[in-house]
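*Asks:* here you go, sequence then predicted model.
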Amino acid sequence: STRLIVDVDTGIDDALALLYLLASPEADIAAVLCTAGNVPVGQVTANTLAVLDMCGRADIEVAAGAQVPLVAPLMTTEDTHGPLGVGYAEFPATSRAPSSRSAAEAWVELTREHPGELTGLVTGPMTNLALAVRMDPELPQRLRRLVIMGGCFNHPGNTTPTSEWNVAVDPEAAREVFDAFSGLPSRQHPIVCPLDTTETIEMHPVHVDRIAEASESTPAEALSPDDPRGQRSRASNQVVRHLSDALRFYMEFHRDQNLGYLAHVHDPFAAAVALGTVPYTTTPATVDVELEGRLTRGTTIADWTGIWRREPNAAIVTATHPEVFFEHLTARVGAFARN
Ligand code: BDR
Ligand code: CA
């Protein structure tokens, strides 16, 4: 199994990534760390606790992270993920408090306790990990692997024309993380899941139906764009109901961006890459992040051919099989929701 530190900004697709991990026998989650991103860190932490508690996993540590990026003022995106970060879903309140240590402390301490064993999965801005590396520059060497959802290379951005959200929120953090892995052997280079690949992962209403079917719930319904806004799913299964309410908001957002009535579920794909449960190919490259530039701050740049004469520091996921991924995701999350 894969022992994981998961760092999230929950977030609709982060929530689905967590569900997927909880549904996966390969995943052994050591802690879930929260970062400010899609919504402020307090809301991210509440959402994350709610997902774990709803799935009966109140035993998993949840630690709150930094409230703001390293340098940039915080930006959040309620337009994309809803006022509370989970679309139209209304999660039950949790009485559980987050861990007494910070997310950065958890990164440092867990990797010291389990050197060489843990896979890091970051599906939000890299603020916590960058702070942890500042505290302990040897940290990257103690990770078995790091998987990042972030960046875009030969593909348009989703935040500025050339930048991806997780990097755009905290470009200094992203740059420090990529720098920290320079000089490590290629088997330890971060596996980067950029928009180039995650935007080929299109979740359609039919996939939500499949989850509902596999969960033996009454249909998710209310996922059609013709339903009046605000109508909630009537699925009999709690997880399916919350997921449909979250995804309907996310699909409406994508539709309003003229992308069609679908959702790019970036983070669940990165989770599957971390578990090795989905086919994918990677290409080595040297990755750096633009911090200046009137128009280009937050842009990730990959040198694929060695023009910079710097060793590669990343393995970029350049292709996958979306159909295989959705077969797997829907069957797994549905079966998990059933139980
Ligand atoms: C990333 O940005 C966030 O809004 C999503 O949760 C995902 O991690 C995609 O750019
Ligand atoms: Ca995210």
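*Replies:* Received it, and whenever you're ready, just let me know what you need. Ligands and ions are numbered 1, 2, ... in the order given.
*Asks:* nearest spatial neighbour of the residue in the chain positioned nearest to ligand 1, skipping sequence neighbours?
*Replies:* Nearest residue of the chain to ligand 1: residue 165, at 3.4 Å (CB to the nearest ligand atom). Using the backbone N, CA and C atoms, a C-beta is placed for each residue, glycine as well. Distance criterion CB to CB, 6 or more residues apart in numbering; nearest residue to residue 165, sequence neighbours excluded, is residue 159 at 4.9 Å.
*Asks:* count of residues packed around that neighbour?
*Replies:* For residue 159, the neighbour count with other CB atoms under 10 Å is 19.
*Asks:* flag every residue of the stretch 151-300 of the chain that's near ligand 1.
*Replies:* 158, 164, 165, 166, 266, 267 (CB under 6 Å from any ligand atom).
*Asks:* quick one: contacts for the first one?
*Replies:* Contacts of residue 158 were listed using CB atoms under 8 Å, 6 or more residues apart in numbering, and they are 152, 164, 165, 195.
*Asks:* residues in contact with the last one?
*Replies:* Taking CB under 8 Å, 6+ apart as the definition of contact, the neighbours of residue 195 are 151, 152, 155, 156, 157, 158, 164, 264, 266.
*Asks:* who wins for most neighbours among those residues?
*Replies:* Neighbour-wise, the contacts of residue 195 (other CB under 10 Å) top out at residue 151, 30 neighbours.
*Asks:* circling back to that earlier point, near ligand 2 too, which of the contacts of residue 158?
*Replies:* For ligand 2, no contacts are drawn from those by CB under 5 Å from the ion.
*Asks:* sorry, back to before: what about the contacts of residue 195, which are in helices?
*Replies:* If you go by DSSP state H, the contacts of residue 195 have residue 266 in helices.
*Asks:* ranges for the helices of this protein?
*Replies:* Remark: helices assigned in the chain by DSSP H are 12-22, 41-54, 78-81, 103-113, 127-135, 139-142, 165-169, 171-180, 195-198, 205-214, 238-256, 266-275, 322-338.
*Asks:* thinking again about what came up before, isn't the residue of the chain closest to ligand 1 up against residue 14?
*Replies:* No: counting by CB atoms under 8 Å, residue 165 stays clear of residue 14, with 11.5 Å between them.
*Asks:* neighbour count: those two, which is higher?
*Replies:* Taking other CB under 10 Å, residue 165 and residue 14 do not tie; residue 14 has more neighbours (34 against 26).
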